[in-house]
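> model this:
(2 chains)
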Amino acid sequence: MADGEGAPRRNKAAETMATIDATLKRIAAHKGVLGYIVVNPRDNSVIKHVGMHDDHELIAKYAQRVLAFVSLTRSVVRDLDPLNDLTFLRLRSKQHEIIVAPEWDFVFMVVQDYHISTKEELAKIKVKPKERPREPQDQDNKEASEGVTENVEA
Amino acid sequence: DDGEGEGGERKAKQKRNTWMLSANLGHALMIVERMVVQNIWQAEQLLYRNIQLDPFEDLPEPEVESPSGTRRQTMFTEDKEEDKDKDGAEDRPEPEYDDDGAMQVLWRYACPVAKGQNVTCFAWNKVNTDILAVGYGESSSNTNVARHGSVCCWSLKNPVYPERIFKIDNAGVSSVDFSSNHPSLLAVGHTDGALALFDVRKQGNSPILKSTVSGGQHTGTIWQVKWVLKGKDRGESLVSISADGRVTDWSIKKGLECSNLLRLKRVPNKQQGVTQLKGDALLSRQSGGMCVDFNPMERILYIVGTEDGTIHKCSTSYSEQYLETYAGHAGPVYRCRWSPFCSDIFLTCSADWTAKMWRQDRIDPVLTFQSIPDAVHDVSWSPNVSTIFGSITSTGRIDIWDLMNPIEPKTWLELEGRSLNCLSFAEQGSPVLCVGDNKGDVTVVKLMGQDFEAPPGEAGTQEAQEEKLMKYLKKNTQ
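The predicted model follows:
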């Protein structure tokens, strides 16, 4: 009977783990994301990283600096109001944005280049162009011979 | 278990991975993902709420004669593959046609789970109006025998991946609706006639309640489920209509119990030239029901659209006869909807290429709308302006009609290569609509311009909108 109870609980844990794995993979695959780093806040060690050009020096730098920044920010928040606490941190610089989720047992940070446009994604949505009305309305490079330049309001 | 060395390594790895078991991780990751996605889709998400990211974006630049470079223009031009990669505003190609820019595609809800499946139905959450539940059924040549399906709950805050996915075996999903009294309760109608209730707060695929064959569930596809508020303090009832010709009311007090509100009987449809029913066989008397809608003012009145093309007005107090029969369509009526502003008017659409507007007290349609010779799969009123409604066809065309000119659509958009199955306006202040197609995608389109938004002040009240609707109706029917 003990196992009977354990089985659905284990299934639920496995399901949650699968969702978390999937979410982590998705985050790393979003446009502009350079990668993510998971750090252990107690001993400043890097638990895991994905992406970030696999540059270990860079990753160690990020881990150390961001952790220091997180504890500074947290102390600011708590100094102003001891009952308050830091939940999320977003640091936007000229080149990219660092998104940090600082928890007690881990610090999860994502580095993303936010200079991305949705043009490519939107271009995938194919919309049929509407037919031209008979009266020439716009400038058209191909029909240069017509030479009508007025924009007529429909 | 294994040698000490290996065991030690495994323990160390487990210790390192304990962060993954942290209780806060799931929530933290969800928020982080939303932030990452917002960095990509911010402009579109703001447009959804009618906020232009850069209000000066549309002002014309003095040097360039073409309309100011906005992303809208490039999106509509096809076959200019190389131009899509150019970033310079001066290089933006001229649109090849006259686009009034009234409809702008914002994004597309698509996920691998639902890829290739038919989108069959939508439901907006009654409390958090950003959440859209979409039902999918496996698409096959015979859509009535979908073997599996799913329901995904999408949110404005993450246009890239659904917040919830419920997978359904044995049947596709043909209808969904959110409850008003219990906002996290989602009723799902299946293509095999089963009805299931899901709690969207929970993850996982199992419904909290499901109907059984012995409990009297439907024997045909449930084409529509609807939660109906019975009025102050009288709770809510769940009504479903199905291809087996029954309109059933479900109670959830002790499991799912049903009672029939109505059995649809066939009535000769003059439109199809049938003046008398041949024979009187028991089976041929039943007619399959396709859609149902309850009058927003008088909750005991409802209209039902059937496969024969007739629409019946019924009451919950009479289970044997119809109050009124409206014959006008020559094909199955896919959708019937009462106007949210005027409780005497309703719209229907059908496979006979038309959408029709009716008055409760007249047997013949008041107005007929047709844009192209294709089956109209869905029709929906705009929640902001009483005279605007949208319709979609099987060739990918979305038409927006304005009663002020019922002859042709006010504006339209055609999506290539897909058949559109369902349409829904977002229940919020800014005019946005969603269309689901047969490829598993839900496209979100924004209507730009003051015409589509609720008129401010005096003209925007319920009474003023109702007056406006009646005025144009009278004008166009004389």
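> Would you state the helices of chain B in chain order?
Using DSSP state H, the helices assigned to chain B run over residues B:4-16, B:25-48, B:71-76, B:81-84, B:282-285, B:462-476.
> Quick check: beta-bridge partners of residue B:393?
Beta bridges link residue B:393 to residue B:376, judged by DSSP bridges.
> isn't it right up against residue B:374?
Yes. Between residue B:393 and residue B:374 there is a contact under CB atoms under 8 Å: 4.1 Å. In short, each C-beta sits where N, CA and C put it, glycine included.
> More neighbours: these two, which one.
Between residue B:393 and residue B:374, residue B:393 has the larger neighbour count (other CB atoms under 10 Å in any protein chain shown), namely 23 against 17.
> how far away is that one from chain A?
Between residue B:393 and chain A the distance is 12 Å, computed by CB to the nearest CB, to the nearest Å.
> Distance of that residue relative to residue B:399?
Distance of residue B:393 to residue B:399, computed by CB to CB, to the nearest Å: 8 Å.
> Now do the shared contacts for the two.
Counting by CB atoms under 8 Å, 6 or more residues apart in numbering or on different chains, the contacts common to residue B:393 and residue B:399 are residue B:371.
> Where do the strands of chain A begin and end?
A:33-40, A:45-51, A:89-92, A:97-102, A:107-112 (DSSP state E).
> between those strands, which one is nearest to chain B?
Comparison of these against chain B by CB to the nearest CB identifies strand A:97-102 as nearest, at 4.0 Å.
> Parallel or antiparallel, list what pairs with that closest one.
Here, using DSSP bridges, strand A:97-102 pairs with strand A:89-92 (antiparallel), strand A:107-112 (antiparallel).
> what would those strands look like in JSON lines with mean pLDDT?
As requested, the strands paired with strand A:97-102 are exported to JSON lines (pLDDT from 0 to 100):
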{"stretch": "strand A:89-92", "mean pLDDT": "93"}
{"stretch": "strand A:107-112", "mean pLDDT": "93"}
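> so of those strands, which one's packed in deepest?
Burial of the strands paired with strand A:97-102 is given as mean neighbour count (mean count of other CB atoms under 10 Å in any protein chain shown); strand A:107-112 ranks first at a mean of 24.
> Which residues are in contact with residue B:319?
Residues in contact with residue B:319 (CB under 8 Å, 6+ apart) are B:260, B:261, B:262, B:263.
> let's see it at 7 Å
Remark: with contacts taken as CB atoms under 7 Å, 6 or more residues apart in numbering or on different chains, residue B:319 is in contact with B:260, B:261, B:262.
> cool, residue B:223 as well?
Neighbouring residues of residue B:223 by CB under 7 Å, 6+ apart: B:174, B:175, B:241, B:242, B:243, B:289, B:290, B:291.
> Low-confidence regions, chain A specifically.
Where chain A drops to pLDDT under 70, the residues are A:1-10, A:131-154.
> where along it do the helices fall?
Along chain A, counting by DSSP H, helices occupy A:2-29, A:56-80, A:119-123.
> Quick check: buried residues in the second one?
With burial defined by 16 or more other CB atoms under 10 Å in any protein chain shown, the residues of helix A:56-80 counted as buried are A:58, A:59, A:60, A:62, A:63, A:66, A:67, A:70.
> Quick one: work out the angle between that helix and strand A:97-102.
Helix A:56-80 runs at 60 degrees relative to strand A:97-102, counting by axes from the mean of the first three to the mean of the last three CA atoms, to 10 degrees.
> Would you map out the domains in chain A?
Chain A breaks down by automatic domain parsing into domains covering A:30-112, A:124-154.
> returning to that earlier point: which of the contacts of residue B:319 has the most neighbours?
Among the contacts of residue B:319, residue B:262 has the most neighbours (other CB under 10 Å), with 25 neighbours.
> so who does the closest residue to that one other than its chain neighbours touch?
Among residues not flanking residue B:262 along the chain, residue B:247 sits closest, at 4.2 Å (CB to CB, 6 or more residues apart in numbering or on different chains). Applying CB under 7 Å, 6+ apart, we find residue B:247 in contact with B:239, B:241, B:261, B:262, B:289, B:292, B:304.
> Next: residue A:89.
A:70, A:73, A:100, A:102.
> Mind picking the one among those residues that's closest to residue B:149?
residue A:100 (39.1 Å; CB to CB).
> Quick check, that closest one in contact with residue A:111.
No. Look at residue A:100 against residue A:111 with CB atoms under 7 Å: they stay out of range, at 9.9 Å.
> so for stretch B:53-71, what's the average pLDDT?
Averaged over stretch B:53-71, pLDDT sits at 54.
> can you list the residues of the stretch 201-350 of chain B near chain A?
Residues of the stretch 201-350 of chain B that fall close to chain A, judged by CB under 7 Å from any CB of the partner chain: B:203, B:204.
> Low-confidence ranges, the stretch 201-350 of chain B, go.
In the predicted model of the stretch 201-350 of chain B, residues B:268-285 satisfy pLDDT under 70.
> quick one, strands of it?
Counting by DSSP state E, counting those that start in this stretch, the stretch 201-350 of chain B has strands at residues B:209-210, B:222-229, B:236-242, B:246-251, B:257-263, B:289-294, B:301-306, B:310-315, B:324-327, B:333-338, B:345-350.
> and the spatially closest residue to residue A:124 that is not a sequence neighbour, what are its bridge partners?
Spatially, and ignoring its direct neighbours in sequence, residue A:124 is nearest to residue B:108 (7.7 Å; CB to CB, 6+ apart). Per DSSP bridges, the residues bridged to residue B:108 are residue B:443.
> got it, and residue B:401?
residue B:389.
> Tell me, how many residues neighbour residue B:376?
Other residues near residue B:376 come to 29 when the count uses other CB under 10 Å.
> Touching, it and residue B:391? I think so.
Yes. Residue B:376 is within contact range of residue B:391, at 5.2 Å (criterion: CB under 7 Å).
> if I look at those two, which residues touch both of them?
Jointly contacting residue B:376 and residue B:391 under the rule CB under 7 Å, 6+ apart are B:349, B:355.
> Distance of residue B:372 relative to residue B:355?
Distance from residue B:372 to residue B:355, by CB to CB: 12 Å.
> neighbour-wise, which of these two wins?
Using other CB under 10 Å, the more surrounded residue of residue B:372 and residue B:355 is residue B:355, with 28 against 14.
> Now for residue B:226: which residues touch it?
B:177, B:239, B:292, B:294.
> so who does the last one touch?
Residues in contact with residue B:294 (CB under 7 Å, 6+ apart) are B:226, B:228, B:302.
> Neighbours of the residue nearest to residue B:243 when sequence neighbours are not counted, how many?
Nearest non-adjacent residue to residue B:243, counting by CB to CB, 6+ apart: residue B:220, 3.2 Å away. Other residues near residue B:220 come to 19 when the count uses other CB under 10 Å.
> Quick check: phi and psi on residue B:220?
Main-chain dihedrals, residue B:220, degrees, to the nearest 10: phi -140, psi 170.
> again, but for residue B:180
Main-chain dihedrals, residue B:180, degrees, to the nearest 10: phi -90, psi -40.
> quick one on the thing from earlier: any chance of the contacts of residue A:89 in CSV, plus distance to residue B:124?
Formatted as CSV, the contacts of residue A:89 follow (distance: CB to CB, whole Å):
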residue, distance to residue B:124
A:70, 38
A:73, 38
A:100, 34
A:102, 35
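> residues near residue B:177, how many?
With other CB under 10 Å as criterion, residue B:177 counts 25.
> Isn't it up against residue B:125?
No. Between residue B:177 and residue B:125 there is no contact under CB under 7 Å: 10.3 Å.
> I'd like to know how far the residue nearest to residue A:124 sits from residue A:29.
Taken as CB to CB, the spacing of residue B:108 relative to residue A:29 amounts to 17 Å.
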